[in-house]
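A.B. asks: Build me a structure from this.
(2 chains, ligands or ions: 2)
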Amino acid sequence: MVAQRSAAGPAPGAFMDEVIAATPGGASHLELCVQCGTCGGSCPSGPDMEHTPRHLFAMIRAGMKEEVLRSNTPWYCVSCYYCMVRCPQEIHITDIMYTLKRMAIKEGLYRESSAADAPDFSETFIDFVNNYGRSFELGLATRYHLRHHPLTAVRKAGMGLGMVRKGRMDLTPKRINGIEQLQAILAKARELGAEDGAISQGGRQ
Amino acid sequence: MSAKYGYYPGCSLERNAIAYHQSAVAVAPVLDIEFVELDDWNCCGATEYIAIDVLPAYALVARNLAIASRQKLSGGNQNQVVAPCSACFLNLSKVDKYMSDAPRLAANVNTALAAGGLSYKPGSVRVRHLLDIVVNDVGYDAIAAKVQKPLYGLRIAPYYGCLIVRPGFQGAFDDPEYPMSLDRLMGTLGTTVVDFPVKAHCCGGHMTQISEQVALELIRQLLQNAAEYEADAIVTLCPMCQLNLDGYQEAVNRHYGTKYHIPILYFTQLMGLAFGLPAATLGFGKEFVDAAAALNKIGVQPPPKPKKERAGKEALPMPEMAAGGLSHES
Ligand code: SF4
Ligand code: SF4
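C.D. replies: Ligands and ions are numbered 1, 2, ... in the order given. Here you go, the predicted structure:
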């Protein structure tokens, strides 16, 4: 169970509880980490991460919230689930990385990490999904790269152009028929999420 | 009577991975299976939605599950949905599994779905990857019986990537670290399957957009491995893997001074060739790294290249303008 703590300052372990509560989908087992290092050793992004998943989980346990949310580690996670199938404690590592991304955005700390552009890529992506019900690669590529990589945007656009020539990219986004239905569903989900504290819904149980 | 399945193509198969869609649709009747596309499906959110907002990310996916659960397939595999894209496959099966495991999540998602007049009972849809139904429902023997032109002499590196085998939210159909089903399938088609130790390694996913440096190295390792084993082609089952290895192969060559030329094909394209279907119906020609040499090796004429578009009356509106600027890029 997640301990309900009173407001007398963050108790040790409070941050870990917060992370666990914000990771839906059944028990995340984060509290069971035995620091074996299997995750970091399996991780394709390991060499580029500021902290291995193991290290990050030790920091979570120690309540180092700011340092954790400033780390580039969650943003360099490519969601390959290698760690998750190997972790002896069956910790939902990939989901915890997603939770840390959301927390870092909420606290505004990702801007100080070396992966500061990553959230904007995700946000641009979901913008198209919210408005059309489908993703839109051309719009995503142009909007995101022009904003963040103006120097290489032309080269990226070159690939986009190749995609269009090959018939592999649409010029206009497709909109689903039930876009209003989808938007009503998403709005309700956002509302429920906010009631539950913006990032922590679903929780345990 | 053919076996029917719900079909969730996902955004990639509509365009970027159109070759995958075309070849899947082309081989289905040969395998006696029928795809019934989910009505008005929406994007699964890829790996992006959940990085921003969690409950809407689950609700987004759940709308598709809700649609699938009420789709009626006469005489079909009721409530079985095929997803050819590994990321879609993962998201759909994950949301079903997590809703089953966490009643509070399921209740919240259903409250959200109700705002759109939908509901979803966890556990009611079984999500299958296309490779899974091909090798397990159709089966290797039935496939072997349909092979008319064995692809003898073609050296294939079978590439699984991550999400088809990991973590197996509704139960894995193959080993998470050293899968073999695609190897066996390729062998059934007559190809020479090369050893490919990195077959379940990551293609870099969305890192091409966030840190090219990280992504290019992951892609390089895969290409290098296939090159060492003299593969004529890498065969894949995921649009993201195909795009990263194909679309960024030139960038890898530029970055590392390498000369890889390894076409990246979908397993369904090779099935089609082995079944004797015309290459033109299988989406060949969409790949950036030309597959002509590999195809010639098995006596297949690649379909003629589309004529180069010239700026002018047939010009594509917006990108052709961009093209004007492109020739001057540094
Ligand atoms: S593999 Fe699991 S138990 Fe081992 S360090 Fe990583 S998270 Fe902890
Ligand atoms: S899921 Fe993320 S943290 Fe785990 S091994 Fe893959 S990239 Fe590393």
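
A.B. asks: in stretch A:84-98, what counts as buried?
C.D. replies: Within stretch A:84-98, the residues that qualify as buried by neighbour count (16 or more other Cβ atoms under 10 Å in any protein chain shown) are A:M84, A:V85, A:R86, A:C87, A:I91, A:H92, A:I93, A:T94, A:D95, A:I96, A:M97, A:Y98. No exception for glycine: its C-beta is placed from N, CA and C like everyone else's.

A.B. asks: For ligand 2, what's the nearest residue on the stretch 201-330 of chain B?
C.D. replies: Here the stretch 201-330 of chain B gets closest to ligand 2 at one residue, B:C202, 6.7 Å apart by Cβ to the nearest ligand atom.

A.B. asks: Need the three-state assignment for that residue.
C.D. replies: Reduced to three states with DSSP: H, G, I helix; E, B strand; the rest coil, the structure at B:C202 is coil.

A.B. asks: related to what we said a few turns ago, which of the buried residues of stretch A:84-98 are close to ligand 1?
C.D. replies: When the buried residues of stretch A:84-98 are checked against ligand 1 using Cβ under 6 Å from any ligand atom, the ones in range are A:C87, A:I91, A:I93.

A.B. asks: Narrow these to those in helices?
C.D. replies: Assignment to helices by DSSP state H places the following of these there: A:I93.

A.B. asks: Keep the ones next to ligand 1 among the buried residues of stretch A:84-98, but drop any that are not near ligand 2.
C.D. replies: Cross-checking those against ligand 2 (Cβ under 6 Å from any ligand atom) gives A:I93 as the overlapping residues.

A.B. asks: As TSV, the ones next to ligand 1 among the buried residues of stretch A:84-98 with pLDDT would be great.
C.D. replies: Written out in TSV, the entries for those read as follows (pLDDT from 0 to 100):
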residue	pLDDT
A:C87	97
A:I91	97
A:I93	98
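
A.B. asks: Out of the buried residues of stretch A:84-98, flag the one nearest to ligand 2.
C.D. replies: Minimum distance to ligand 2 across these is 4.2 Å, recorded for A:T94 (Cβ to the nearest ligand atom).

A.B. asks: Could you report the pLDDT at that closest one?
C.D. replies: Per-residue confidence (pLDDT) for A:T94: 97.

A.B. asks: contacting residues for it?
C.D. replies: A:T94 makes contact with A:C77, A:S79, A:C80, A:Y81, A:C83, A:M84, according to Cβ atoms under 8 Å, 6 or more residues apart in numbering or on different chains.

A.B. asks: Buried subset of the residues you listed as a PyMOL selection?
C.D. replies: Buried residues within those, as defined by 16+ other Cβ under 10 Å, are selected in PyMOL through the command that follows:
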select buried, chain A and resi 77+79+80+81+83+84
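
A.B. asks: from the contacts of A:T94, which ones fall inside helices?
C.D. replies: A:C83, A:M84.

A.B. asks: So which of the contacts of A:T94 would count as near chain B as well?
C.D. replies: Subset of the contacts of A:T94 in contact with chain B: A:S79, A:C80, A:Y81, A:M84, counting by Cβ under 8 Å from any Cβ of the partner chain.

A.B. asks: Just put those in JSON lines and tack on distance to B:L65 and pLDDT.
C.D. replies: As requested, the ones next to chain B among the contacts of A:T94 are arranged in JSON lines below (distance: Cβ to Cβ, whole Å; pLDDT from 0 to 100):
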{"residue": "A:S79", "distance to B:L65": "20", "pLDDT": "93"}
{"residue": "A:C80", "distance to B:L65": "24", "pLDDT": "95"}
{"residue": "A:Y81", "distance to B:L65": "20", "pLDDT": "95"}
{"residue": "A:M84", "distance to B:L65": "22", "pLDDT": "95"}
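
A.B. asks: And those, which is closest to B:L60?
C.D. replies: Of all those, A:S79 has the smallest distance to B:L60: 16.2 Å, by Cβ to Cβ.

A.B. asks: Let me know how buried the nearest residue to B:Q213 once chain neighbours are set aside is, in neighbour terms.
C.D. replies: Here the nearest residue to B:Q213 in space, its sequence neighbours aside, is A:D48; by Cβ to Cβ, 6 or more residues apart in numbering or on different chains that works out to 7.7 Å. Residues contacting A:D48 under the criterion other Cβ atoms under 10 Å in any protein chain shown number 17.

A.B. asks: State the number of residues packed around B:P304.
C.D. replies: By other Cβ under 10 Å, neighbour count at B:P304 equals 8.

A.B. asks: Over to A:T73?
C.D. replies: Other residues within reach of A:T73 by the criterion other Cβ under 10 Å amount to 26.

A.B. asks: Next, find the distance separating the closest residue to it other than its chain neighbours from B:S211.
C.D. replies: Nearest-residue entry for A:T73: A:M49, 4.5 Å, with adjacent residues in sequence omitted and distances by Cβ to Cβ, 6+ apart. Plainly put, A:M49 is 11 Å away from B:S211 if you go by Cβ to Cβ, to the nearest Å.

A.B. asks: Over to B:G139?
C.D. replies: Using Cβ to Cβ, one gets 42 Å for the distance from B:G139 to B:S211.

A.B. asks: residue contacts, the residue nearest to B:Q213?
C.D. replies: The neighbourhood of A:D48, defined by Cβ under 8 Å, 6+ apart, consists of A:N72, A:Y76, B:S211, B:Q213, B:V214.

A.B. asks: For these, point out the one with the lowest pLDDT.
C.D. replies: Lowest model confidence among these falls on B:S211, which carries 83.

A.B. asks: Might one say that that one is in contact with A:V78?
C.D. replies: No: counting by Cβ atoms under 8 Å, B:S211 stays clear of A:V78, with 10.0 Å between them.

A.B. asks: of these two, who's got more company?
C.D. replies: The neighbour comparison of B:S211 against A:V78 (other Cβ under 10 Å) goes to A:V78, with 25 against 22.

A.B. asks: List the residues that contact the residue in the stretch 51-200 of chain B that ligand 1 sits nearest to.
C.D. replies: The stretch 51-200 of chain B approaches ligand 1 most closely through B:P167 (13.0 Å), counting by Cβ to the nearest ligand atom. Under the criterion of Cβ under 8 Å, 6+ apart, the contact list for B:P167 reads A:Y81, A:M84, A:V85, B:P176.
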